Each structure stands twice: as C-alpha cells, then as structure tokens.
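Trainee: I would like the atomic coordinates for the input below:
(chains A and B)
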Amino acid sequence: KAGVTQTPRYLIKTRGQQVTLSCSPISGHRSVSWYQQTPGQGLQFLFEYFSETQRNKGNFPGRFSGRQFSNSRSEMNVSTLELGDSALYLCASSPGQSTYEQYFGPGTRLTVT
Amino acid sequence: QKEVEQNSGPLSVPEGAIASLNCTYSDRVSQSFFWYRQYSGKSPELIMSIYSNGDKEDGRFTAQLNKASQYVSLLIRDSQPSDSATYLCAVKRDAGNNRKLIWGLGTSLAVNP
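Mentor: Numbering: from 1, shown residues only, chains lettered A, B, ... in the order given. The predicted structure is shown next:
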C-alpha cells in the first residue's frame, strides 16, 4: 500500500506571498492531520480533517487554513507568509475515528525569505 | 510545565546495550500513547502504540506505561547504530472536541559502534 505523499517537497517563497501544500493520505485513511515542525518548537498541531470536515484546530493564526476533498486528499494554505513560517510541514494520515495511530508523509520544507 | 516532557539528550549508549527513553505527561485522563522515531532530515515513523498499563513488546522494542505515575517509556534492546535517531513521545488528548496528539520535543539517541 502506498504511503502518504506530499507535494511539493521543497518551496522557497518571499514574505507576503501565499503557498498551498498538498497531501494524499494512505488509501482508505479518512483522517488527515497537519503539523509544523521547527527545531525549537517541535511538532505543532495545525489542524485535522476527517471526511471533509475540520475536526480539530491548533493555535495558529487564521493565515493558516486547510481543506479536505471527497477523496481524502488535503491541502493547506498559508497566506501572507512571514519569515517565522519557515519550517517543515508534515501531513499525517490515520484510518479514522477509533485510532490515532498516525502515519507521516515526507514533509514539505518551506523557506520564507 | 509542558504537557509532554522528554529529556532532550543526547543519550549515548554503546552498541548492544539497552537504551531507555522516558516521557512524562500532565493530563491524567490521557489513554493513548505513541512512540515515533525520526531520523535526521526525515519524517517521524511510528514505532509503537500503547494503551494499557504494563509492558508491550515488539521485537527489540518494549513500551512501558504507568498511568498512575503518568509515565511512559521505550526500551530498545541490543541497540544498533541504525537506532541512532530522535525519539518522539506523543500523547493523545481527549478533551471533548479538542482531541489531538500532544508531542514531546524528543530525545536524541546515539548508539556508538
């Protein structure tokens, strides 16, 4: 079974721009979570989607948004990029509601200059 | 106090020894606990999940959970240089609709040949 895929793998953007990241979960998985990982803060939860609905949200500003499509693929968007948004963005998929075992994609490395 | 705490390390052990990684958590109602391994430049990989008090073994890995002490640990027997990585502890928070994984910052493990 194919794993979680994320595109693009690397991005360089300038301040003020916006960016969209994509995630395709493991086939059959309906839950997708997004995380931001930085050396000092570790893994920070952004949001979780299940069956196209945002089920949970972390403590990030409204510039961070996401959505999930009917095929469980998910996108996250960051508008008005700031230097501090430079990080590794990870997507994790999980089978569904009863388990929280999460399987991560390779991540998207975002650099904001 | 952080919700999930781990010693940052580095924890250095000789090849063949037992590596012991520890994690404490603050939310008494937490029921699900996970250990992930993250190699440098890679995404986290699920090693084990544990839900009940006691030990759970999988190959060279043993997870130990003590809910009364709010403590979960990971033992790696016969440590190999390939085990050198950062080990992340994650705890599932179940607070109404605010269900998500809370992550420790990780413990860096170095296994010396």
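Trainee: all strands for chain B, in order.
Mentor: For chain B, the strands defined by DSSP state E occupy B:4-5, B:11-14, B:19-25, B:33-38, B:45-50, B:54-58, B:61-66, B:71-76, B:85-95, B:98-103, B:107-112.
Trainee: Run through who's touching stretch A:2-22.
Mentor: Stretch A:2-22 has contacts (Cβ atoms under 8 Å, 6 or more residues apart in numbering or on different chains) with A:23-27, A:73-83, A:89-93, A:103-113. For every residue, glycine as well, the C-beta is placed using N, CA and C.
Trainee: ok, back up a step: worst average pLDDT in the strands of chain B?
Mentor: Mean pLDDT is lowest for strand B:98-103 among those, at a mean of 83.
Trainee: Tell me which residues of that strand come out buried.
Mentor: B:Lys100, B:Leu101, B:Ile102, B:Trp103 (16 or more other Cβ atoms under 10 Å in any protein chain shown).
Trainee: beta partners for the third one?
Mentor: In other words, B:Ile102. Per DSSP bridges, residues listed as beta-bridge partners of B:Ile102: B:Val91.
Trainee: the strands in chain A, which residues?
Mentor: So, for chain A - with DSSP E - the strands run A:5-7, A:10-13, A:19-24, A:31-38, A:42-50, A:53-57, A:64-68, A:74-78, A:87-94, A:103-104, A:108-112.
Trainee: closest one to B:Asp83 among those strands?
Mentor: Taking Cβ to Cβ, strand A:103-104 is the member of these nearest to B:Asp83, at 18.7 Å.
Trainee: Name the residues of chain B found near chain A, please.
Mentor: Neighbours of chain A within chain B, by Cβ under 8 Å from any Cβ of the partner chain: B:32, B:34, B:42-46, B:49, B:88, B:90, B:92, B:97-106.
Trainee: Separate out the buried members of the residues you listed.
Mentor: Among those, the ones that count as buried by 16+ other Cβ under 10 Å are B:32, B:34, B:43-44, B:46, B:49, B:88, B:90, B:92, B:100-106.
Trainee: So what's the residue count around B:Ile47?
Mentor: Here the count is done by other Cβ atoms under 10 Å in any protein chain shown, and B:Ile47 has 18 residues near it.
Trainee: ok, and the closest non-adjacent residue to the spatially most central residue of chain A?
Mentor: By Cα atoms, centre = their mean, the mean C-alpha position of chain A lies nearest to A:Trp34, the distance being 3.2 Å. Closest residue to A:Trp34 apart from its sequence neighbours, by Cβ to Cβ, 6 or more residues apart in numbering or on different chains: A:Leu46 at 4.1 Å.
Trainee: Is it possible to get JSON lines of the strands of chain A that adds distance to B:Ser69 and mean pLDDT?
Mentor: As requested, those are arranged in JSON lines below (distance: least, Cβ to Cβ, whole Å; pLDDT from 0 to 100):
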{"stretch": "strand A:5-7", "distance to B:Ser69": "37", "mean pLDDT": "97"}
{"stretch": "strand A:10-13", "distance to B:Ser69": "43", "mean pLDDT": "98"}
{"stretch": "strand A:19-24", "distance to B:Ser69": "37", "mean pLDDT": "98"}
{"stretch": "strand A:31-38", "distance to B:Ser69": "28", "mean pLDDT": "95"}
{"stretch": "strand A:42-50", "distance to B:Ser69": "23", "mean pLDDT": "92"}
{"stretch": "strand A:53-57", "distance to B:Ser69": "28", "mean pLDDT": "90"}
{"stretch": "strand A:64-68", "distance to B:Ser69": "36", "mean pLDDT": "97"}
{"stretch": "strand A:74-78", "distance to B:Ser69": "37", "mean pLDDT": "98"}
{"stretch": "strand A:87-94", "distance to B:Ser69": "28", "mean pLDDT": "96"}
{"stretch": "strand A:103-104", "distance to B:Ser69": "29", "mean pLDDT": "96"}
{"stretch": "strand A:108-112", "distance to B:Ser69": "38", "mean pLDDT": "98"}
